[in-house]
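**Student:** quick one, what's the 3D model for this:
(one chain, ligands or ions: 1)
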Amino acid sequence: MDAMRRKRRRALRRILAEKDADALLLTHLPNVFYLCGFSGSAGALLVTAGSATLFTDGRYTVQARREADGAQVRIVAGSLARAIGERLRALGCRRVALEANRVSVAQQRLLRRAGGTRVRWVAVEGWVERLRARKDPREVAVMRRAARMASRVLEEVLPLVRPGIRENEVAAEIEYRMRRAGASGPSFETIVASGARSALPHARPSGKRLRKNELVVLDLGVILRHYCSDLTRTVYLGRAPDRVRRWYAAVLEAQQAARQALRPGVLAAEVDRAARQVLERSGLGRYFVHGTGHGLGLEVHEEPRLAAGQKARIEEGFVVTVEPGVYREGFGGIRIEDDVVVTARGPLTLTDAPRDLIEI
Ligand SMILES: [Mn+2]
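**Tutor:** This is a model prediction of the structure:
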């Protein structure tokens, strides 16, 4: 049995005891993987004080037996909910927690019916996500590799970023290189946004050709051994005019300020504040239209969120993105994003692509 995963289940069982729950039913697959190592695309994990049961179907018989760590495997033909209900009755569970933000109304209805009248379902949120926010050294090591892989892919593709090539061609080159480098795929749909389209923070790559004297935002990440990376760089095709230089310098300064702010004990909102203040001082506050960053791990967006009003306290072992940006309609956008791990000795940046304005 894997010691890290055993530790995670122990931490979850402490929460169960604290919250007076007999069991937690996990249906969110990254949470299932985190606690028992099963990486199939269908299944649920039931954790009680003394047991863990993985429910999945016949497609995963071999995989579940091979991967499931510290959990009994139940291969279910037919309704998963019914099998879960039977197990709950056999274990004598009364108060059973389910992941409020991960279960549909229809699934809840099935579970209620399957559990019978003795089971009381309690909707809870974030029990496992809170544990996941704090990465162990082995997770950080994998994430460093994922971050470096994204950095190398970006550097490899930069020579292709030239007037004439289409956004979707650049995106395809990026994702092809990820897989060649050993990634299991991109951690989100790669963004290549040029000219006025770079002002759309989540632009989809289009058939538009890159042109001279345009900004190009490239945002990409890989999944490596289940862990995500997330990296953004902004390129100017030509010699950048003064305004672009000034804005780029402001975004870079904001990004540095937020990275520096990432110390154990600080509030997520304060990290966001650090970046926002710099951009406000430069008169660009109103163009910074999103949060400063987000947790990164098994999912590309996870806890904590670095944004105004976020009261989560940053802890050692958190891995987050830091990605301030400015976007002005009709003009374009500039974003700089890195992945950072919080350590007792300060922030450590995992992505290692150069951060200066790239003029091509
Ligand atoms: Mn991001």
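
**Student:** can stretch 291-308 be found next to the ion?
**Tutor:** No. Stretch 291-308 stays clear of the ion (CB under 5 Å from the ion), getting no nearer than 6.1 Å. Where C-beta positions appear, they are placed from N, C-alpha and C, glycine not excepted.

**Student:** give me the mean pLDDT for that stretch.
**Tutor:** Averaged across stretch 291-308, the pLDDT comes to 97.

**Student:** numbering from 8 from now on, please.
**Tutor:** In the new numbering, first residue 8, that becomes stretch 298-315.

**Student:** residues contacting the closest residue to the ion within the stretch 58-207 of the chain?
**Tutor:** Nearest residue of the stretch 58-207 of the chain to the ion, counting by CB to the ion: F195, 7.9 Å away. Neighbouring residues of F195 by CB atoms under 8 Å, 6 or more residues apart in numbering: G228, D237, V307.

**Student:** what about the closest residue in space to the second one that isn't next to it in sequence, how many neighbours?
**Tutor:** This points to D237. In this structure, D237 finds its nearest non-sequential neighbour in G228, 4.0 Å apart by CB to CB, 6 or more residues apart in numbering. Using other CB atoms under 10 Å, the number of residues around G228 comes to 28.

**Student:** next, G228: phi, psi?
**Tutor:** phi -160, psi 160 (degrees, to the nearest 10).

**Student:** how close does it get to the ion?
**Tutor:** 7 Å (CB to the ion, to the nearest Å).

**Student:** verify the stated contact: that residue with M156.
**Tutor:** No. With contacts counted by CB atoms under 8 Å, G228 stays clear of M156, the gap being 9.3 Å.

**Student:** returning to what we had before: closest to R13 out of the contacts of F195?
**Tutor:** Nearest to R13, judged by CB to CB, of the contacts of F195 is V307 at 26.8 Å.

**Student:** that older thread, what is in contact with G228 and M156 at once?
**Tutor:** S236.

**Student:** next structured bit after the helix or strand harbouring V326?
**Tutor:** V326 belongs to strand 326-329 when assigned by DSSP states H and E. Next in sequence after strand 326-329, counting helices and strands by DSSP H and E, comes strand 332-335.

**Student:** distance from the chain centre to that next one, please.
**Tutor:** Relative to its chain's centre, strand 332-335 lies at 22 Å (CA atoms, centre = their mean, to the nearest Å).

**Student:** tell me which residues are up against stretch 311-320.
**Tutor:** 140, 265, 272-276, 278-280, 283, 297-302, 310, 321, 325, 327, 329.

**Student:** ok, stretch 290-301 next?
**Tutor:** Residues from elsewhere that reach stretch 290-301 (CB under 8 Å, 6+ apart): 208, 254, 257-258, 261, 265, 278-279, 281-283, 286, 308-309, 311-315, 317, 327-335, 344.

**Student:** rerun that using 7 Å as the cut-off
**Tutor:** Residues outside stretch 290-301 that contact it (CB atoms under 7 Å, 6 or more residues apart in numbering): 208, 254, 257, 265, 278-279, 282-283, 286, 308-309, 312-314, 327-335.

**Student:** next one: stretch 355-367
**Tutor:** 150-151, 154-155, 157-158, 161-162, 165, 168-169, 236, 238, 240, 242-247, 252, 255, 259, 266, 343, 345-348.

**Student:** that older thread, so does the strand holding V326 get close to the ion?
**Tutor:** Yes. Interface with the ion: strand 326-329 contributes T328 (CB under 5 Å from the ion).

**Student:** stretch 209-224 too?
**Tutor:** No. Stretch 209-224 lies out of reach of the ion by CB under 5 Å from the ion, never closer than 9.9 Å.

**Student:** just the CA trace of that stretch, in PDB.
**Tutor:** Taking C-alpha atoms only, stretch 209-224 is exported to PDB below (Å, rounded to 0.1, in the frame of the first residue of the first chain):
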ATOM      1  CA  HIS A 209     -10.000  32.500 -23.200                       C
ATOM      2  CA  ALA A 210      -9.900  32.800 -27.000                       C
ATOM      3  CA  ARG A 211     -10.100  29.600 -29.000                       C
ATOM      4  CA  PRO A 212      -7.500  29.200 -31.700                       C
ATOM      5  CA  SER A 213      -9.000  30.200 -35.000                       C
ATOM      6  CA  GLY A 214      -8.000  30.100 -38.700                       C
ATOM      7  CA  LYS A 215      -6.800  33.600 -38.500                       C
ATOM      8  CA  ARG A 216      -3.200  34.100 -39.700                       C
ATOM      9  CA  LEU A 217      -0.700  35.900 -37.600                       C
ATOM     10  CA  ARG A 218       0.300  39.300 -38.900                       C
ATOM     11  CA  LYS A 219       3.200  41.600 -38.400                       C
ATOM     12  CA  ASN A 220       2.900  44.100 -35.500                       C
ATOM     13  CA  GLU A 221       0.500  42.000 -33.500                       C
ATOM     14  CA  LEU A 222       0.500  40.700 -30.000                       C
ATOM     15  CA  VAL A 223       0.200  36.900 -29.700                       C
ATOM     16  CA  VAL A 224      -0.900  35.200 -26.400                       C
END
